[in-house]
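Peer 1: prediction below, plus the sequence it came from.
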Amino acid sequence: MLAVYKKELRSFFNNMTGYIFIAFILVVAGIYTAANCLQGMSPDFEFVLASLSFVLLLCVPILTMRSLAEERRSRTDQLLYSLPMKVSSVVLGKYLAMVTVFLIPTGVMMLYPFILAMFGSVPFLTIYSAFFGFILLGAALIAVGMFMSALTESQLIAAVISFASLLVIYLMSSLASMVPTTAVASLLCFSALVLVIALIVYSMTHDVYAAISAGAILEIILLAVFIFKRTALEGAFPGVMRALAMFDRFNSFALGIFDVTAIVYYITVVIVFVFLSIQAVEKRRWI
Amino acid sequence: MIEVKNLVKRYGTNTALKGISFKVERGHIYGFLGPNGAGKSTTMNIITGCLAATEGEVIINGHDIFEESVEAKRSIGYLPEQPPVYPDMTPAEYLTFVAEAKGIEQKDVYEKVNEVMEMTGLVPMQKRLIKNLSKGYRQRVGIAQAILGDPEVIILDEPTVGLDPKQIIEIRQLITSLGQKHTVILSSHILSEISAVCDYIIIISRGRVVASDTLANIRAKLSEDKKLELLVRGDENKIRMTLNEIEGIESYETALDEAENAVRVILQCVKHADIREALFFAFSEMHYPVLSMTDVSATLEDVFLNLTEEASTAEEEEEEAPAPVYKLPEEEREEDEVEERTEDDASEDVSDDDDDDYTPMFGGKE
């Protein structure tokens, strides 16, 4: 794992990716700091971080698109498979290298509050708890981006699908407020989801019966809940959507709340997506 | 040392491997021979853990490649068809990474890397980026990677493809020298290469092992029935009479060669008989000049073609269906690579830039 970590970290600085990522974040952070804190004369650096969370949406796909897709395209994955290493340690090494690259501009930004402190009193505790949330958010987004990169062998497609999915996640809470909270609306939305799941099952197994039976079972459960415990479905779909709104969890940190559920949430997201990436890479051998 | 038992690999409805079994013993150089799409690369990918098999097992030094993959892979060095190198690293950096990944101790890494670079002649190129190296040097980087850390078995998939004749000779010498200390498995569809380097041959065709024997045994079988072609100037009937008297001829045919004004004789010798001298003296006694005498016995090529064709006709009969028109994925992949390779050969620089194209494309966007 250490070997892969070192190699990945070096490769980020052998080509432009690492520099572009760091420079982009720092330039935008500089602009926000200058506008918000220096010109606006505000000591609240956490709002700069809140604005920067949108920038992560653009930057994270650049960081992650290459990670697993390029190995596949250039057939270097054959080297990684034939070396005496577990797939999990390869993926984990790559993930930690990307998180390390993300920590570099974050580390630089951690010095900014000290510059602000030269002009007045600064709420250090709030700011650094916001930094903690920012790092967790970044780590979660990188895990999602890496998973997208594991699904394809084209960097471009990896970048586009990670950007699209991060954008959906970013807009999720606004989308959730658009969905009606009635039980019928939830039933319809979940049914659409069941249909998508059945299609995915079909595309993975090419087995019509498996897809239909999986869809039918889920649909029956759904109808059973709808008939016998109708209240449970009221507002359930918007609730699920809100649970996927990863950026919103960061807002409580930005408001100065050290939210333990948010920490658990982000760590869960990281574990789930790193696990899914490992599975996706393992699956490539079975084609 | 390596035991491959009844490997089956299906790609959707196509079956690329139909039950491959063989054993590899210590200290030999094995040649893995087969036409394109026979399943050579698929088999090698399964042995090295790059691909999962549908059925069957591979046991390396007592470790199953699917169950205890890390232990099994420790005793293997693998060079896939396309050298798995990172274009934006130098050979030294790349080999250091591989050494660390293979679990070589930190204090030995530098020494081991230098050792393999010397063996493969990479020392003058160690500071250049791999994307700027020629195909031959990239191939050497791939071989260096495979032999790093002294694995007991070295598996090389078509190691000389795309190299120039001088490099081919160098790589062959390297493989021969590796064979003294390691077990080497080498795949190729070039027969002369296999016969020059290997001492044990496994021929596969259409996903089955059709022959598996030492080179010496195959050679011995070949020399069992010797065929000679002679061109003799003289009377055809008298020549036939002379031939009837010589011992050791199983059968012969004669034909007039108008252009040479001579008789062409093709004769099949009795097993283990060498009748060339007898023929020469018999005709010289008659003052019939022998214009030429050629050994036209079956070559390794003939054996190879016979075996692989037999296998495919047997297959057709067995399946009672015409040969599938669609290609196996294996075949497609190999063809793709051949195309890439010809591009490589045609203009090294253009293909080198390929890897570059990616970064600026995105770099420009931001």
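Peer 2: That came in fine, so what should we check first?
Peer 1: excluding chain neighbours, what is closest to whatever residue of the stretch 101-250 of chain A ends up closest to chain B?
Peer 2: Residue nearest to chain B within the stretch 101-250 of chain A: residue A:155 (6.3 Å; C-beta to the nearest C-beta). The C-beta positions use only the backbone N, C-alpha and C, and glycine is treated the same way. Spatial nearest neighbour of residue A:155, chain neighbours left out: residue A:65 (4.6 Å); criterion: C-beta to C-beta, 6 or more residues apart in numbering or on different chains.
Peer 1: show the backbone phi and psi for that neighbour.
Peer 2: When quoted as degrees, to the nearest 10, the phi and psi of residue A:65 stand at phi -60, psi -30.
Peer 1: just list the residues touching it, thanks.
Peer 2: A:145, A:148-149, A:155-156, A:158-159, A:162, B:362 (C-beta atoms under 8 Å, 6 or more residues apart in numbering or on different chains).
Peer 1: quick one: buried ones out of the residues you listed?
Peer 2: Buried members of the contacts of residue A:65, counted by 16 or more other C-beta atoms under 10 Å in any protein chain shown: A:145, A:148-149, A:155, A:158-159, A:162, B:362.
Peer 1: what parts of the stretch 101-250 of chain A come near chain B?
Peer 2: Contacts of the stretch 101-250 of chain A with chain B, taken as C-beta under 8 Å from any C-beta of the partner chain, map to A:155-156, A:159.
Peer 1: of these, which belong to strands?
Peer 2: Among those, no member is found in strands (DSSP state E).
Peer 1: quick one: pLDDT of the closest residue to residue B:214 other than its chain neighbours?
Peer 2: Excluding its sequence neighbours, the residue lying closest to residue B:214 (C-beta to C-beta, 6+ apart) is residue B:200, at 5.2 Å. As predicted, residue B:200 sits at a pLDDT of 89.
Peer 1: residue A:241: how many residues sit nearby?
Peer 2: 20 (other C-beta atoms under 10 Å in any protein chain shown).
Peer 1: ok, it - contacts?
Peer 2: A:172-173, A:175-176, A:179 are the contacts of residue A:241 under C-beta under 8 Å, 6+ apart.
Peer 1: and which of the residues you listed is nearest to residue B:129?
Peer 2: residue A:172 (42.9 Å; C-beta to C-beta).
Peer 1: and the host helix or strand of the closest one, what's buried?
Peer 2: For residue A:172, the element it lies in under DSSP states H and E is helix A:155-178. Residues of helix A:155-178 classed as buried by neighbour count (16+ other C-beta under 10 Å): A:155, A:158-159, A:161-163, A:165-166, A:169-170, A:172-173, A:175-176.
Peer 1: and the next helix or strand after it, what does it pack onto?
Peer 2: Note on helix A:155-178: by DSSP H and E, the next helix or strand toward the C-terminus is helix A:183-205. Where contact means 3 or more C-beta pairs under 8 Å, 6 or more residues apart in numbering or on different chains; DSSP states H and E, helix A:183-205 is packed against helix A:208-228, helix A:230-233, helix A:236-243.
Peer 1: any idea how far the residue nearest to residue A:155 is from residue A:24?
Peer 2: Residue A:65 is 14 Å from residue A:24, where distance means C-beta to C-beta, to the nearest Å.
Peer 1: nearest spatial neighbour of the residue sitting nearest the centre point of chain A, skipping sequence neighbours?
Peer 2: Most central in chain A under C-alpha atoms, centre = their mean is residue A:141, positioned 2.2 Å from the mean C-alpha point. Leaving aside its sequence neighbours, residue A:141 sits nearest to residue A:60 (C-beta to C-beta, 6+ apart; 4.5 Å).
Peer 1: which SS class is the one you found?
Peer 2: Under DSSP: H, G, I helix; E, B strand; the rest coil, residue A:60 falls in the helix class.
Peer 1: number of residues surrounding it?
Peer 2: Residue A:60, neighbours per other C-beta under 10 Å, totals 26.
Peer 1: is it true that it touches residue A:159?
Peer 2: No. Using C-beta atoms under 8 Å, residue A:60 makes no contact with residue A:159, being 9.8 Å away.
Peer 1: break the chain into its domains for me.
Peer 2: Since you didn't name a chain, this refers to chain A. Taking automatic domain parsing as the domain assignment, the ranges for chain A are A:2-171+A:248-284, A:183-234.
Peer 1: please refer instead to chain B.
Peer 2: Taken from automatic domain parsing, chain B resolves into B:2-75+B:152-221, B:226-295.
Peer 1: could you look over the ones you listed and pick the most buried one?
Peer 2: domain B:2-75+B:152-221 (a mean of 19; mean count of other C-beta atoms under 10 Å in any protein chain shown).
Peer 1: for chain B, which segments count as strands?
Peer 2: Listed in chain order, the strands of chain B (DSSP E) span B:2-11, B:14-24, B:29-33, B:55-60, B:63-64, B:76-79, B:153-157, B:183-188, B:200-205, B:208-214, B:227-232, B:249-257, B:262-269, B:290-295.
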